[in-house]
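Student: Predicted model and sequence below, questions to follow.
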Amino acid sequence: MNTQNDPQVESQNTSNSEGRVLFNSPDQTLSVLENTTDSSLTLPSLIRKSIIHFYFCLEGNAIFEFGPHYQREIHGRRNYFFFNPDQELPFRLKLAPHSKMVLMDITLERLHELFTHEPLPFLKPENIRQKYYDERDIPANLLVELNQLFNIQLSPNANRLFYQGKILELLALYFSERKPDMENCPFLNNEDMVRKIKNAKEHLLAHEERPPTIRELAKLAGLNEHQLKAGFKEIYGNTVYGYLLDHKLDHARVLLDSQKFQVAQVAYQVGYTNPSHFIAAFKKKFGITPKKYLMAKVA
């Protein structure tokens, strides 16, 4: 979205819907959109050429209307990534009732500066003139940081520094997906193996309240147990259940950030039958008890 010169973002500030530009510089912007009404919120928008555009839908859904015959829909906990080096593309962004989005733009030159040591695929010389589009789930650790943009309260003097750093943090998390080391891990030497392990991860998260055993998960993915464990560690940098625990605790932090739930409620929502076990796990990961974390949010 062209947040730098888009008066529509500024004009949508009401008691029930909000569009705010958090950070604005010549080479990067960060904005939030929130619609708490029972009606859709529509904004004229623009994908600018040679600008990297990120659209993170945290809750609800939104529709990108590129014309009378073409549109794309994005749902909660999903994000889009757009890059077009040749032309600008106007569209209308229709934000559904009770939806939240984070929008981030960065120039191609600035992103290239940040990744000079290990260029991203679309930054390599042979790809620099190609259009690039990506759609993916928002991982729980990235969702935590995105939700903070709606809840954080800082002094005016600290705002710019915080949001400038937040852009770098969001970029780091977005592009930090591990890639299998084909030489060191013989179990990941083909795309089919990687696909099976990713399918195992999706099944694990879809059944996080009653997770399958390693044997059950391996069988479902079409792998043996050793392939599953070694491949999972190589791609995601964690054991199967370690990854699941991190996902649950990151989700718990998002729930606490919303300030809608008490600690025990959050514990049950993320699958703990004993809140004391949840408290211990949360403190081990974040260095603070969930109660103190919640109190700091309210203060």
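Tutor: Okay, I see it. Only a predicted model underlies this, so the values are computations on that prediction, with no experimental measurement involved.
Student: give me phi/psi at the residue of the chain positioned farthest from its centre?
Tutor: Of all residues in the chain, Asn224 has its C-alpha farthest from the mean position, at 31.0 Å, by CA atoms, centre = their mean. Dihedral pair for Asn224: phi -90, psi 170, per degrees, to the nearest 10.
Student: residues touching it, list them.
Tutor: Ala218 (CB atoms under 8 Å, 6 or more residues apart in numbering). Backbone N, C-alpha and C define where each C-beta goes, glycine included.
Student: Check Ile279 too.
Tutor: Applying CB under 8 Å, 6+ apart, the residues contacting Ile279 are 263, 267, 289-291.
Student: Looks to me like it is in a helix.
Tutor: Yes - according to DSSP: H, G, I helix; E, B strand; the rest coil, Ile279 belongs to a helix.
Student: can you pull the pLDDT of it?
Tutor: Ile279 carries a pLDDT score of 92 in this model.
Student: and the gap between it and Lys94?
Tutor: Going from Ile279 to Lys94 by CB to CB, to the nearest Å gives 41 Å.
Student: And Leu294, by the same measure?
Tutor: Look at Leu294 and Lys94: by CB to CB, they are 34 Å apart.
Student: got it, and Asn159?
Tutor: Asn159 sits 29 Å away from Lys94, going by CB to CB.
Student: Look at these two and report which has more neighbours.
Tutor: Each of Asn159 and Lys94 has its neighbours counted (other CB atoms under 10 Å); Lys94 has more, 18 against 14.
Student: Which residue, other than its chain neighbours, is closest to the more buried one?
Tutor: Nearest residue to Lys94, sequence neighbours excluded (CB to CB, 6 or more residues apart in numbering): Ile63, at 4.4 Å.
Student: Mind telling me what element that neighbour is part of?
Tutor: Using DSSP states H and E, Ile63 falls within strand 61-67.
Student: before we move on, what about Phe91?
Tutor: Phe91 belongs to strand 89-95 when assigned by DSSP H and E.
Student: Each with direction, which strands does that strand pair with?
Tutor: strand 41-47 (antiparallel), strand 61-67 (antiparallel) (DSSP bridges).
Student: Throw those into JSON lines and include distance to Tyr132 and mean neighbour count, thanks.
Tutor: Formatted as JSON lines, those follow (distance: least, CB to CB, whole Å; neighbours: other CB atoms under 10 Å):
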{"stretch": "strand 41-47", "distance to Tyr132": "11", "mean neighbour count": "18"}
{"stretch": "strand 61-67", "distance to Tyr132": "16", "mean neighbour count": "17"}
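Student: so can I have JSON lines of these showing distance to Glu73 and mean pLDDT?
Tutor: Putting the strands paired with strand 89-95 into JSON lines (distance: least, CB to CB, whole Å; pLDDT from 0 to 100) gives the following:
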{"stretch": "strand 41-47", "distance to Glu73": "14", "mean pLDDT": "88"}
{"stretch": "strand 61-67", "distance to Glu73": "5", "mean pLDDT": "88"}
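Student: Pull the number of nearby residues for the closest residue to Tyr293 other than its chain neighbours.
Tutor: The spatially closest residue to Tyr293, leaving aside those adjacent along the chain, is Leu256, at 5.9 Å (CB to CB, 6+ apart). Leu256 is flanked by 25 other residues according to other CB under 10 Å.
Student: Was I right to think Leu256 contacts Val266?
Tutor: Yes - the pair Leu256 / Val266 is scored as a contact, 5.9 Å apart, by CB atoms under 8 Å.
Student: Please enumerate the helices of this structure.
Tutor: Taking DSSP state H as the criterion, the chain carries its helices at 7-11, 108-114, 140-151, 156-174, 191-206, 214-221, 225-236, 240-257, 263-269, 275-286, 290-298.
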